[in-house]
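Student: Have a look at this prediction, sequence included:
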Number of protein chains: 2
Amino acid sequence: MNNFPHDHIVKSYDEEQRRIAAEILHMGEIAVAQLEAALDVVERRDDRAAERIIANDEAIDTLEDKVSHDVMQLALRGPMARDLRVILAALRIPNDIERIGDYASNVAKRSMALNMLPPVPHATGLRSLGQLAAELVRDAMAAYRDQDAQLALEVRDRDAELDAMYTSLFRELLTYMMEDARNITPCTHLLFMAKNLERIGDHATNIAENVWFLVQGDHPLPPRDKRDETSTTNIPSGGLSQS
Amino acid sequence: MNNFPHDHIVKSYDEEQRRIAAEILHMGEIAVAQLEAALDVVERRDDRAAERIIANDEAIDTLEDKVSHDVMQLALRGPMARDLRVILAALRIPNDIERIGDYASNVAKRSMALNMLPPVPHATGLRSLGQLAAELVRDAMAAYRDQDAQLALEVRDRDAELDAMYTSLFRELLTYMMEDARNITPCTHLLFMAKNLERIGDHATNIAENVWFLVQGDHPLPPRDKRDETSTTNIPSGGLSQS
């Protein structure tokens, strides 16, 4: 453990490292809370609550700046080479959390656009998708907290589940749009909301991969399943009522 | 300039800093080339070329890992506090470039899905959007190369132009979908492709903001215009032929 006699209020290197990890965990908690609040407002059609979520997103952005500043200050103390992984993870994970917060905030924003339209009954699939996404983020953060490489692997594998769920919701929404042109605008919002949730899973996976790297070093990750397939999914419009 | 007598093959701190900056500029060039190639394949309906773009994306990912490793090695040499900004920018900018590469690759991927469908005449707006996005990335990288805070500000301001273009294309695509259900699948791909291009503009802006921070330090950025409005855009379906 280092001491810095030239500045007696400076925390020890290890203490500072722990403080930063706690700050990152706190960021993760805020992002999950934001995501769950965003899923709630979709169902409650509550513009006020949506606005609060959008405003809260700034708190995560500010925290990210603060954390990356603190991490770099720590790096500048000249840590040992073995701390390189700790520092890299502490720089990358907040960035993923920040993006998760962005996506949650965008879900809230789109819920406000949906609230201007008549209610659509197709939002149920969105909730299951969002719940799984929130679970992945929570587990990824737990893996970081406990330096649990096994849990990190599980998060990555379960992201394939989220991708499959997203692909099926995507197809479902597209068929609703084809059935009735009045569904196009609300379902387009739902498509982008679903995409946001799927991206949250990708960021949970990034966090998990950083935890793996943190714990296992350069030991390579086992191969993983493919991501969402909607980039290459087409729904035939022939045979549907409106075609 | 530092020298490290304990390791005579190690480059000087400044030399290494310049080498890393060149590597980042190279990453940026690849990302722009990928984006332009992706825009081309949309028009040429060329699956082979699209596959090449998707495969090339890995090169950017590998470069990003390498750069962040090199930057951290540099940081561990214990630079002066004034180098903190250089290091932070060198850590963040490759991350944005990597995301730009991802989006370009996704545009290529979706072009392959479009190629399985009859051609749609509505892809022209996509090209202008993509060209502006490529310009913003190119200018953001030039601002980084020349440490040009003024050019960085311009990039950020022109991102508002891209957002406006995106919003109008988004509305246009939605109306095509309402006019004819057979347009829904291809236009959904175009919607996501347009969204990818709009996000590329956001990452160009991130790069520009990092350049500003690099050059101006904590001097705050002038306020900017709002982003894309499609999260809150609804197209009334009443009054359209299919409603």
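Tutor: Done, it's in. Numbers count the residues shown, from 1 in each chain, chains lettered A, B, ... in the order given.

Student: got the residue ranges for the helices in chain A?
Tutor: A:13-44, A:47-76, A:84-115, A:124-146, A:149-179, A:184-216 (DSSP state H).

Student: okay if I get the ones you listed as a markdown table plus mean neighbour count and distance to B:S12?
Tutor: (Glycine included, C-beta is placed from N, CA and C.) Shown next, in a markdown table, are the helices of chain A (neighbours: other CB atoms under 10 Å in any protein chain shown; distance: least, CB to CB, whole Å):
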| stretch | mean neighbour count | distance to B:S12 |
| --- | --- | --- |
| helix A:13-44 | 19 | 27 |
| helix A:47-76 | 18 | 18 |
| helix A:84-115 | 23 | 21 |
| helix A:124-146 | 21 | 36 |
| helix A:149-179 | 20 | 38 |
| helix A:184-216 | 24 | 29 |
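
Student: okay, and for chain A, where does confidence drop off?
Tutor: A:1-10, A:76, A:78-83, A:122-123, A:218-220, A:225-228, A:235-243 (pLDDT under 70).

Student: mind putting the helices of chain A in JSON lines, distance to B:M165 included?
Tutor: Output for the helices of chain A, formatted as JSON lines (distance: least, CB to CB, whole Å):
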{"stretch": "helix A:13-44", "distance to B:M165": "28"}
{"stretch": "helix A:47-76", "distance to B:M165": "24"}
{"stretch": "helix A:84-115", "distance to B:M165": "19"}
{"stretch": "helix A:124-146", "distance to B:M165": "29"}
{"stretch": "helix A:149-179", "distance to B:M165": "24"}
{"stretch": "helix A:184-216", "distance to B:M165": "18"}
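
Student: out of those helices, which comes closest to B:P94?
Tutor: Of all the helices of chain A, helix A:84-115 sits nearest to B:P94, with 11.4 Å by CB to CB.

Student: by contact count, what packs against the closest one?
Tutor: Packing partners of helix A:84-115 (3 or more CB pairs under 8 Å, 6 or more residues apart in numbering or on different chains; DSSP states H and E): helix A:13-44, helix A:47-76, helix A:124-146, helix A:184-216, helix B:47-76.

Student: what about the fourth one, near chain B?
Tutor: Yes: under the criterion of CB under 8 Å from any CB of the partner chain, helix A:184-216 makes contact with chain B via A:I184, A:T185, A:T188, A:H189, A:L191, A:F192, A:K195.

Student: these two touch, right, A:L132 and A:R158?
Tutor: Yes: between A:L132 and A:R158 a contact is recorded at 7.5 Å, counting by CB atoms under 8 Å.

Student: just to revisit the earlier point, how about JSON lines for the helices and strands packed on helix A:84-115, with distance to B:V86 added?
Tutor: Formatted as JSON lines, the helices and strands packed on helix A:84-115 follow (distance: least, CB to CB, whole Å):
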{"stretch": "helix A:13-44", "distance to B:V86": "21"}
{"stretch": "helix A:47-76", "distance to B:V86": "11"}
{"stretch": "helix A:124-146", "distance to B:V86": "28"}
{"stretch": "helix A:184-216", "distance to B:V86": "23"}
{"stretch": "helix B:47-76", "distance to B:V86": "9"}
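
Student: Which one of the ones you listed lies nearest to B:N206?
Tutor: helix A:47-76 (11.7 Å).

Student: How about that closest one and chain B, touching?
Tutor: Yes: using CB under 8 Å from any CB, a contact is recorded between helix A:47-76 and chain B, made by A:S68, A:H69, A:M72, A:Q73, A:A75, A:L76.
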